[in-house]
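Student: Sequence and predicted model, in that order:
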Amino acid sequence: VQLVESGGGVVQPGGSLRLSCAASGFTFSSYLMRWFRQAPGKERELVATISSLGINTFYAGSVKGRFTISRDNRKNTVYLQMNSLQPEDTAVYYCNARKASDANYEHWGQGTQVTVSS
């Protein structure tokens, strides 16, 4: 099982980034996908969730209206489009897969750093 994030980097306030998470080794379409983030000295927090077929989404209040989660089950990939980035969005962003029918099956990526700074 592998989840490989990419797309992180350094961006100025107000800028955009698109994160990708490529999955392998499990039935991607059977898992809901989530993005978490963890800033230095803070707990990991849930940013966005998308259901297994991409029908339902959920966003944390701090990113709602700025971030968009999407998935392509043909490519086994989940995305996080981040717009209007602010310094408080600086964190390591992690991709998470959780089996829709059994929460005991869960996988994590290694994380990708997003830094918002002028």
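Tutor: In hand now; what should we look at? None of the values given here were measured: they were computed from a predicted structure.
Student: any idea where the strands of the chain begin and end?
Tutor: 2-6, 9-11, 17-24, 31-38, 45-50, 57-59, 67-72, 77-82, 91-99, 106-108, 112-116 (DSSP state E).
Student: give me every residue that touches the most centrally placed residue in the chain.
Tutor: With distances taken as Cα atoms, centre = their mean, the residue of the chain nearest its centroid is W35 (2.7 Å). By Cβ atoms under 8 Å, 6 or more residues apart in numbering, W35 lies in contact with 19, 21, 46-49, 69, 78, 80, 93-96. Glycine gets a C-beta too; all of them are placed from N, C-alpha and C.
Student: what about the residue nearest to N56 when sequence neighbours are not counted, distance to D72?
Tutor: Of all residues not flanking N56 in the chain, I50 sits nearest, at 7.2 Å (Cβ to Cβ, 6 or more residues apart in numbering). Going from I50 to D72 by Cβ to Cβ, to the nearest Å gives 11 Å.
Student: One more: I55?
Tutor: Going from I55 to D72 by Cβ to Cβ gives 14 Å.
Student: more crowded one of the two?
Tutor: Taking neighbours as other Cβ atoms under 10 Å, I55 and D72 compare with D72 leading, 12 against 7.
Student: so what's the more buried one bridging to?
Tutor: Beta-bridge pairing of D72, defined through DSSP bridges, involves T77.
Student: switch to numbering from 10
Tutor: New numbering, starting at 10: the last item is D81.
Student: so what's the residue nearest to N65 up against?
Tutor: Residues counted as contacts of I59 (Cβ under 8 Å, 6+ apart) are L41, M42, R43, N65, T66, F67, I78, S79, R80, V87.
Student: Any idea what it is bridged to?
Tutor: Listed by DSSP bridges, the beta-bridge partners for I59 are M42, T66.
Student: before we move on, back to that, okay, the strands of the chain in a markdown table with mean pLDDT next?
Tutor: Converted to a markdown table, those look like this (pLDDT from 0 to 100):
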| stretch | mean pLDDT |
| --- | --- |
| strand 11-15 | 96 |
| strand 18-20 | 97 |
| strand 26-33 | 98 |
| strand 40-47 | 98 |
| strand 54-59 | 98 |
| strand 66-68 | 98 |
| strand 76-81 | 98 |
| strand 86-91 | 98 |
| strand 100-108 | 97 |
| strand 115-117 | 96 |
| strand 121-125 | 98 |
